[in-house]
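>>> Fold the following and give me the result.
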Amino acid sequence: MTLITYDDFAKLDMRVAKVISVEKIPGKSKIVKGIIDLGDEKRDVIIGGAEYFQPEEMIGKTVISLVNLEPRKIAGIESGAMLLAADLNDKPFWLTVTENVPLGTRIK
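Residues are numbered from 1 along each chain as shown. I've put the predicted structure just below:
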């Protein structure tokens, strides 16, 4: 395990988001294209672990997203955020909040 400083952690911009759209990517079985709503903006994201869920199961999920990660092109699609998940044998368990928290709320 590599330790980081609080200053390193403070650089992470994590926010509450809602998955509003998910679609399969032709030729891909482990990833899908999603759109998340951050309250004041929407972003395209690549969502992994697609072999464990149907695209429509993700729609409406409130998730925690890392929004200041450098955009990365995957399968020809630019992903503008990363959804955070616990990982168990490559199966994602999406991090979320249990209360009704406004979209875009920062995680500290």
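
>>> The longest strand along the chain: which residues count as buried?
Across the chain, the longest stretch assigned as strand under DSSP state E is strand 14-24. Residues of strand 14-24 classed as buried by neighbour count (16 or more other Cβ atoms under 10 Å): 14-19, 22. For glycine as for every other residue, the C-beta is placed from the backbone atoms N, C-alpha and C.

>>> Now render these as TSV, adding pLDDT and distance to residue 76.
Below are these laid out as TSV (pLDDT from 0 to 100; distance: Cβ to Cβ, whole Å):
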residue	pLDDT	distance to residue 76
14	98	26
15	98	26
16	98	28
17	98	23
18	97	25
19	98	20
22	97	17
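
>>> Throw these into a markdown table and include distance to residue 65, thanks.
Output for those, formatted as a markdown table (distance: Cβ to Cβ, whole Å):
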| residue | distance to residue 65 |
| --- | --- |
| 14 | 7 |
| 15 | 6 |
| 16 | 8 |
| 17 | 4 |
| 18 | 10 |
| 19 | 9 |
| 22 | 14 |
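
>>> biggest separation within the residues you listed, which pair?
Greatest spacing in the buried residues of strand 14-24, by Cβ to Cβ: 14 and 22 (20.6 Å).

>>> burial count for residue 61?
Residues near residue 61, counting by other Cβ atoms under 10 Å, number 18.

>>> Bridged to the residue most central in space within the chain, which residues?
What sits nearest the mean C-alpha location of the chain, by Cα atoms, centre = their mean, is residue 83, with 1.8 Å. In this entry, residue 83 is beta-bridged to residue 65, by DSSP bridges.
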